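> coords please:
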Amino acid sequence: MSPQVGIDPALMTQLINGMRRVSATIPDVGLQVERALTALDIPLWGPTPLQAIGRQMSEQIPALQGRLDLILATPDSTFGKGGILWANESDWLSKSPAEGAASAKLLATKLRDQIESHALTADMVAEIERHKKDPYFAVAFAKEIPPRELKSLIARMYGSGLPRSARPDQRDVRTQDRLATMLSTILGTASRGVGQMRLADDYADQLVDDIEDPLNAFAVKKLLQDGEFDHNFLLTVVQKLYDKDVAHPPNLDLPRDPWTMPGPKDTTPGDLSPMGTALTALAHHPAVAQDFFTDAQRKPLDFLMRRHPWDGDANADLGWAIQVASTEFRDHDLPPGGSRGYRSALIASWAVRFWSNPKVQANLPNTRASLGTILAQYTGDVHRDTQSLTSKMPGVVTASDPDKNLYGAEPYGAKFEGNDVKKTMTWAFEDDGAFQTVAAAHGQYAAKMLDELARKIAAEIKADFTAWQNSHPDATRQQLDAARQDILEERMSRSGGAEFSRATRGLSMTTWVITDAANIANIGEAKANDARFAAFKEMTEKVVGLAPGPQGKFVGLLVDTAKGEIFGKIKSNHEDRAREGADTALGAAKHMFADLTAATMMRHGLFGDKSVPANTHPYKHKDYSPGSKGHFMDDEEIKPRAEMNADEREAYDEWLKLNETGRVFGRPDDSIAIGFRDAEKYYSGRGA
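Next up is the predicted model:
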């Protein structure tokens with residue numbers, strides 16, 4: 001028999017409610033029937049069938065309700081066609097509340113005895129692990145060992161109550177760590193209980209009670225780190241922890257006696273402030289993190305980023321939680337009040353504002369990677385706002401089309417203040433990973449934007465040429481080729497072509513800001529950051545190979561792929577070749593945009609017809625045609641520089657500079673130079 005079971009929760013609820021009504025009514029109906037039969041002198045022996053039916057229905061209601069509650073509480077349940085909720089009951093070791101309670105009572109007793117004697121065994125943990133997805137057991141176990149006792153047991157199993165010399169080393173607590181993971185998992189399962197399978201209403205209060213005691217904070221941190229918790233339960237716990245934290249903020253200047261700290265004797269337990277216990281749980285539950293960070297009354301981002309001191313690497317966990325809260329959900333399908341994508345953008349906008357403050361940067365030194373990921377996810381907003389000289393408050397771009405530079409409806413965007421972005425990038429890019437993430441995102445964004453514009457120009461040329469051809473039905477092939485080329489060159493100087501050139505200029509300016517923030521815009525400084533400088537120049541040779549991505553799909557989803565394509569395949573010979581290609585990072589960046597622009601134009605036929613061949617196409621010249629040493633094309637597209645040999649690269653650079661090529665390429669090429677020059681003029685000073 002398949003372990004998969006399925007119900008329609010709505011129909012099951014209707015059935016249970018109907019059975020409750022009917023089972024209560026049937027006895028009265030049965031009594032009326034009995035009286036009528038007696039009046040007719042028809043004897044009855046024993047209860048009437050109706051009474052039996054009513055009794056049986058009444059007896060079945062708890063079982064049906066229990067099965068409904070069980071499936072609703074199962075973490076792996078999924079909805080199928082027709083609203084059917086499917087779950088796998090193979091892990092439900094307990095088939096009834098009574099069976100779950102019996103198992104919980106037995107294991108709780110054994111666990112108390114072992115922990116009391118500091119003799120926890122792997123077999124004991126394995127027995128509890130068997131029940132990790134058993135809702136009946138989880139709820140019963142949570143009731144069997146209430147929060148105060150549970151916290152005490154967790155602290156004791158890591159050695160509290162023992163002299164420091166007798167407490168275990170970190171390498172000797174694998175069994176304890178397994179049990180802590182299981183207790184967290186079981187509490188998560190119990191928190192999702194519904195109906196009769198619910199935790200006590202004050203369970204969250206009991207859990208955070210006396211959290212100021214390091215032993216309790218250590219235990220709560222363990223209990224929240226791995227479980228898959230009910231949204232409202234975890235949100236309530238975090239809010240209570242936050243309120244306690246604000247009421248009694250930690251003071252890291254006070255001495256910490258290592259003898260009183262919980263956990264293994266040779267390691268620190270980490271941040272044990274009330275909020276320090278909840279950061280990992282928030283990172284694991286993006287929706288909860290969103291609802292918490294956007295609490296209009298508490299305004300936790302301000303306190304946690306600017307005023308809360310963090311012990312150890314806890315600030316990295318805060319950065320992780322902010323990252324998932326601002327990037328996990330991206331949408332534009334719902335109005336602001338009901339959109340998680342709206343909340344994502346709001347959190348990103350405010351977080352970047354706070355990160356621009358040097359005091360916050362000093363308070364959150366291990367959050368650079370998270371900041372880089374957020375900026376990459378909102379790379380279109382970064383591109384727009386780094387070029388804006390007007391001040392703006394953090395907020396959300398709620399327009400019907402948040403990024404008008406791209407086709408298709410993009411998700412809600414974040415409003416950044418240009419100087420804030422430059423300051424945060426300058427700080428974040430001290431981490432190479434953050435720099436590479438943002439640089440790859442911008443490269444992907446540029447590839448996507450230019451590809452869409454080139455497609456638009458190609459469509460304009462096709463429409464104009466079709467109209468000309470229809471009006472000149474007797475034109476010769478030579479006349480047709482000439483007309484098409486004239487239309488192409490004319491279009492590259494106006495309309496879509498002008499838009500294309502403007503895009504290269506704007507994208508170049510953003511590139512300058514990124515390289516300046518990374519401290520590699522100047523060759524002298526770059527030598528002190530040689531690995532980063534080489535990686536950036538390698539990147540400039542690989543952007544051409546990025547897939548533009550489908551319309552209407554925001555660039556953030558493509559960043560990881562772009563980063564892998566660019567930085568995941570660096571080879572030493574490419575690095576050497578990159579060094580030869582330009583003497584500065586900006587020189588390499590200019591090459592990058594020239595390459596990206598030319599490759600995009602070639603892909604959409606904007607250098608003319610190869611079969612003619614057009615004067616602006618490389619095949620016009622034998623030295624660049626198939627079979628020659630200088631053939632820099634592959635499958636009708638320009639190769640990325642990283643894949644060209646020396647002869648091909650020399651031929652390619654020569655072709656780009658030809659006067660004839662400039663008839664279509666000149667204006668975009670000039671715009672690239674202007675973009676870098678303008679950026680250096682207006683944004684000089686490493687994020688100033």
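
> quick one: low-confidence parts of the stretch 251-400 of the chain?
252-260, 389 (pLDDT under 70).

> what does the chain give?
1-92, 252-260, 389, 522-529, 552-555, 569-583, 683-688.

> residue ranges for the strands of it, please.
4-7, 78-79, 85-88, 395-397, 413-415, 633-634, 637-638 (DSSP state E).

> who touches the fourth one?
Outside strand 395-397, the residues within contact range by CB atoms under 8 Å, 6 or more residues apart in numbering are Pro336, Tyr342, Ala345, Leu346, Ser349, Asp381, Asp403, Tyr412, Gly413, Ala414, Lys415. All C-beta spots, glycine's among them, are computed from the backbone N, C-alpha and C.

> Next step: those restricted to helices.
Using DSSP state H, Tyr342, Ala345, Leu346, Ser349, Asp381 are the members of the contacts of strand 395-397 that sit in helices.

> Looking at those residues, which one is closest to Gln297?
Of all these, Gln297 sits closest to Leu346, with 15.5 Å by CB to CB.

> Kindly provide the distance from the residue nearest to that closest one when sequence neighbours are not counted to Pro411.
The shortest distance from Leu346 to any non-neighbouring residue, by CB to CB, 6 or more residues apart in numbering, is to Val396 (5.2 Å). Shown here: Val396 relative to Pro411, a distance of 10 Å by CB to CB, to the nearest Å.

> With neighbour numbers in mind, choose between these two.
Pro411 (25 against 22; other CB atoms under 10 Å).

> Isn't that one up against Ala345?
Yes. Pro411 lies in contact with Ala345 (CB atoms under 8 Å); the separation is 7.5 Å.

> for this protein, which helix is longest?
Per DSSP H, the chain has its longest helix at helix 432-471.

> Can you list the buried residues in that one?
In terms of neighbour count (16 or more other CB atoms under 10 Å), helix 432-471 has its buried residues at 432, 434-458, 460-461, 464-465, 468.

> and if you look at stretch 353-365?
Buried residues in stretch 353-365 (16+ other CB under 10 Å): Arg353, Phe354, Trp355, Ser356, Asn357, Val360, Gln361, Asn363, Leu364.

> what's the answer for stretch 376-389, then?
Ala376, Gln377, Tyr378, Thr379, Gly380, Asp381, Val382, His383, Arg384, Asp385, Thr386, Gln387.

> how about those residues in JSON lines, adding distance to Glu228?
Listed next are these as JSON lines, based on distance: CB to CB, whole Å:
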{"residue": "Ala376", "distance to Glu228": "28"}
{"residue": "Gln377", "distance to Glu228": "24"}
{"residue": "Tyr378", "distance to Glu228": "28"}
{"residue": "Thr379", "distance to Glu228": "31"}
{"residue": "Gly380", "distance to Glu228": "33"}
{"residue": "Asp381", "distance to Glu228": "32"}
{"residue": "Val382", "distance to Glu228": "34"}
{"residue": "His383", "distance to Glu228": "37"}
{"residue": "Arg384", "distance to Glu228": "38"}
{"residue": "Asp385", "distance to Glu228": "37"}
{"residue": "Thr386", "distance to Glu228": "39"}
{"residue": "Gln387", "distance to Glu228": "43"}
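
> For burial, what's the neighbour tally of Phe593?
26.

> Double-check it against Ile672; I have them as touching.
Yes. The pair Phe593 and Ile672 qualifies as a contact (CB under 8 Å) at a distance of 4.7 Å.

> joint contacts of those two?
Thr504, Ser508.

> who touches Ile514 in this structure?
Counting by CB under 8 Å, 6+ apart, Ile514 has contacts Met425, Phe435, Val438, Ala439, His442.

> thinking again about what came up before, helices and strands around the longest helix of the chain, which ones?
helix 368-377, helix 379-386, helix 418-428, helix 477-491, helix 496-517, helix 530-540, helix 559-567, helix 585-603 (3 or more CB pairs under 8 Å, 6 or more residues apart in numbering; DSSP states H and E).

> Can you add distance to Ser628 and give the contacts of strand 395-397 back as CSV?
Output for these, formatted as CSV (distance: CB to CB, whole Å):
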residue, distance to Ser628
Pro336, 58
Tyr342, 55
Ala345, 51
Leu346, 56
Ser349, 53
Asp381, 45
Asp403, 42
Tyr412, 51
Gly413, 47
Ala414, 49
Lys415, 52
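
> With respect to Arg603, which of the residues you listed is nearest?
Asp403 (22.2 Å).

> Check the offset of stretch 453-466 from the chain's centre.
37 Å (CA atoms, centre = their mean, to the nearest Å).

> Please identify the buried residues of stretch 292-305?
Result for stretch 292-305 [16+ other CB under 10 Å]: buried residues Phe292, Phe293, Thr294, Pro300, Leu301, Leu304, Met305.

> and those as CSV, adding distance to Trp320?
Compiled in CSV, the buried residues of stretch 292-305 are given as follows (distance: CB to CB, whole Å):
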residue, distance to Trp320
Phe292, 14
Phe293, 13
Thr294, 17
Pro300, 15
Leu301, 14
Leu304, 13
Met305, 13
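
> for the residues you listed, which one is nearest Arg491?
Distances from Arg491 to the buried residues of stretch 292-305, taken as CB to CB, are shortest for Thr294 (47.0 Å).

> residues in contact with the closest one?
Applying CB under 8 Å, 6+ apart, the residues near Thr294 are Arg343, Leu346, Ile347.

> go again using 10 Å as the cut-off
Thr294 makes contacts with Pro300, Leu301, Ala325, Tyr342, Arg343, Ser344, Leu346, Ile347, Trp350, as judged by CB atoms under 10 Å, 6 or more residues apart in numbering.

> same check, this time on Lys244
So Lys244 contacts Val208, Asp209, Asp210, Ile211, Glu212, Ser273, Pro274, Met275 (CB under 10 Å, 6+ apart).

> Quick check on these: which are buried?
Val208, Asp209, Ile211, Ser273, Pro274, Met275.

> gap between the first one and Leu235?
Think Val208. 13 Å.

> before we move on, what about the third one?
With distances defined as CB to CB, the gap from Ile211 to Leu235 amounts to 17 Å.

> how about Glu127, what does it touch?
Ser103, Leu106, Leu107, Lys110, Leu111, Thr121, Met182.

> Count the neighbours of the third one for me.
By the other CB under 10 Å criterion, the neighbourhood of Leu107 contains 20 residues.

> That one against Asp134, yeah?
No. Assessed by CB atoms under 10 Å, Leu107 is found out of contact with Asp134, at 11.2 Å.

> what is in contact with these two at once?
Common contact partners of Leu107 and Asp134 (CB under 10 Å, 6+ apart): Ala140, Phe141.

> what's the burial count for Asp481?
17.

> typo on my end, Arg171
Count around Arg171 with other CB under 10 Å applied: 9.

> Does it touch Lys265 like I think?
No. With contacts counted by CB under 10 Å, Arg171 stays clear of Lys265, the gap being 11.3 Å.

> what are the C-alpha coordinates of stretch 114-131, in PDB please?
Output in PDB follows, covering the C-alpha atoms of stretch 114-131 (Å, rounded to 0.1, in the frame of the first residue of the first chain):
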ATOM      1  CA  GLN A 114      20.800  10.100  30.400                       C
ATOM      2  CA  ILE A 115      21.300  13.900  30.400                       C
ATOM      3  CA  GLU A 116      21.100  14.000  34.200                       C
ATOM      4  CA  SER A 117      23.900  11.500  34.400                       C
ATOM      5  CA  HIS A 118      25.800  13.200  31.500                       C
ATOM      6  CA  ALA A 119      25.600   9.900  29.700                       C
ATOM      7  CA  LEU A 120      23.800  10.700  26.500                       C
ATOM      8  CA  THR A 121      24.100   7.900  23.900                       C
ATOM      9  CA  ALA A 122      23.900   7.800  20.100                       C
ATOM     10  CA  ASP A 123      21.200   5.100  20.300                       C
ATOM     11  CA  MET A 124      19.000   7.400  22.400                       C
ATOM     12  CA  VAL A 125      19.400  10.200  19.800                       C
ATOM     13  CA  ALA A 126      18.700   7.800  17.000                       C
ATOM     14  CA  GLU A 127      15.400   6.700  18.700                       C
ATOM     15  CA  ILE A 128      14.300  10.300  18.800                       C
ATOM     16  CA  GLU A 129      15.400  10.900  15.200                       C
ATOM     17  CA  ARG A 130      12.900   8.300  14.100                       C
ATOM     18  CA  HIS A 131      10.100  10.600  15.300                       C
END
